[in-house]
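Novice: Sequence plus predicted model, see below.
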Amino acid sequence: MLRQINLKKVLFLDIETVSQNPSYSNLTENLKAHWQHKTRFLSGDKEPPEETYGRAGIYAEFGKIVCISVGIVYTENNEKKLRLKSFYGDDEYELLVNFFQLLTKSYASKNSLLCAHNGKEFDFPYIARRALINQLELPNVLDLAGKKPWEVAHIDTLHLWKFGDYKHYTSLSLLTSIFDIPTPKDDIDGSMVNHVYWVDKDLARIANYCQKDVVALTQLFLRFRNEALITDENINLTT
């Protein structure tokens with residue numbers, strides 16, 4: 001079935017998120033109380049809320065999107081190529097508006113698909129929730145209301161790898177390792193994004209990291225189809 005999917009209709013994507021504020025002390029008293037409640041659930045009072053707030057970015061209620069990187073596979077001179085683009089910035093509203101313009105213009109048809117790793121539990125719902133908070137209308141490809149499961153145009157490489165084993169989680173990094181997918185060594189990982197954003201203030205570095213995850217995601221999908229990987233010279237990193 002995967003081999004029947006038209007790669008030109010698949011938008012590969014990854015998002016990077018951070019806490020909405022640089023520190024717990026910047027929250028309103030109301031949000032502090034809510035984060036304290038969340039912290040008790042997370043750590044059972046083993047860590048104070050000031051220390052756990054660095055992980056707030058993984059929750060759409062306490063975080064925000066600072067980068068969405070996308071990848072498009074196309075063929076030129078009988079070779080597969082990958083074009084990448086990143087939407088990133090401090091203004092989440094503007095970032096989402098620009099990303100949604102791409103979805104509305106190029107991924108509104110019935111056979112268009114979005115692909116992410118753990119996208120069904122993280123990337124897709126996170127984007128949708130932040131869109132609602134920013135009072136933006138959801139593009140059809142992200143609006144799941146009233147849709148039957150087979151009408152949802154989302155591919156999740158984590159779910160593909162699970163084969164129905166829903167208790168099992170496998171990271172994108174591990175899958176690229178076992179499938180011998182070469183990935184560039186980075187100076188940051190996901191746990192460092194919040195620090196790079198709020199302390200180093202280096203959004204371009206985050207976008208570069210995000211794009212490399214999209215490369216890994218795309219190559220993994222090709223491996224799942226038993227197809228050759230896209231060569232480095234045919235990958236267009238734009239940051």
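Specialist: Structure's in. What do you need? What you see is a predicted model; the values in this text were computed from it and never measured.
Novice: longest single strand anywhere in the chain?
Specialist: When the chain is parsed with DSSP state E, its longest strand is strand 63-76.
Novice: what ranges of this structure fall below the confidence cut-off?
Specialist: In the predicted model of the chain, residues 43-45, 185, 239 satisfy pLDDT under 70.
Novice: what are the ranges of the strands in it?
Specialist: Using DSSP E, strands in the chain cover 10-19, 63-76, 79-88, 113-116, 154-156, 235-236.
Novice: Figure out which of those is closest to Asn140.
Specialist: strand 113-116 (11.2 Å; CB to CB). Placement of C-beta: from N, CA and C, glycine included.
Novice: Direction included, what does the closest one pair up with?
Specialist: strand 10-19 (parallel), strand 154-156 (parallel) (DSSP bridges).
Novice: next one: the first one to chain centre, how far?
Specialist: Taking the mean of its C-alpha atoms, strand 10-19 sits 2 Å from the chain's own mean (CA atoms, centre = their mean, to the nearest Å).
Novice: Of all the residues in that strand, which ones are buried?
Specialist: Val10, Leu11, Phe12, Leu13, Asp14, Ile15, Glu16, Thr17, Val18, Ser19 (16 or more other CB atoms under 10 Å).
Novice: need the contact list for the fifth one.
Specialist: With contacts defined as CB atoms under 8 Å, 6 or more residues apart in numbering, the neighbours of Asp14 are Ile68, Ser69, Ala116, His117, Asp123, Cys210, Asp213, Val214, Leu217.
Novice: Can you give me the distance of Ser177 to Thr183?
Specialist: 8 Å (CB to CB, to the nearest Å).
Novice: Between these two, point out the one with more neighbours.
Specialist: Using other CB atoms under 10 Å, the more surrounded residue of Ser177 and Thr183 is Thr183, with 14 against 11.
Novice: the helices in the chain, which residues?
Specialist: For the chain, helices defined by DSSP state H occupy the ranges 29-43, 49-52, 92-106, 123-133, 157-162, 172-178, 193-195, 203-224.
Novice: list the helices and strands the second one packs on?
Specialist: Of the remaining helices and strands, those touching helix 49-52 by 3 or more CB pairs under 8 Å, 6 or more residues apart in numbering; DSSP states H and E are helix 29-43.
Novice: so how far is the helix it packs on off the chain centroid?
Specialist: Relative to where its chain is centred, helix 29-43 has its mean C-alpha point 25 Å off (CA atoms, centre = their mean).
Novice: So which bits of it are buried?
Specialist: So, applying 16+ other CB under 10 Å, buried residues of helix 29-43: Leu31, Lys32, Trp35, Lys38, Thr39.
Novice: Just list the residues touching the nearest residue to Phe124 once chain neighbours are set aside, thanks.
Specialist: Among residues not flanking Phe124 along the chain, His154 sits closest, at 5.7 Å (CB to CB, 6 or more residues apart in numbering). Applying CB under 8 Å, 6+ apart to His154 gives the contacts Leu113, Leu114, Cys115, Ala116, Gly119, Lys120, Phe124.
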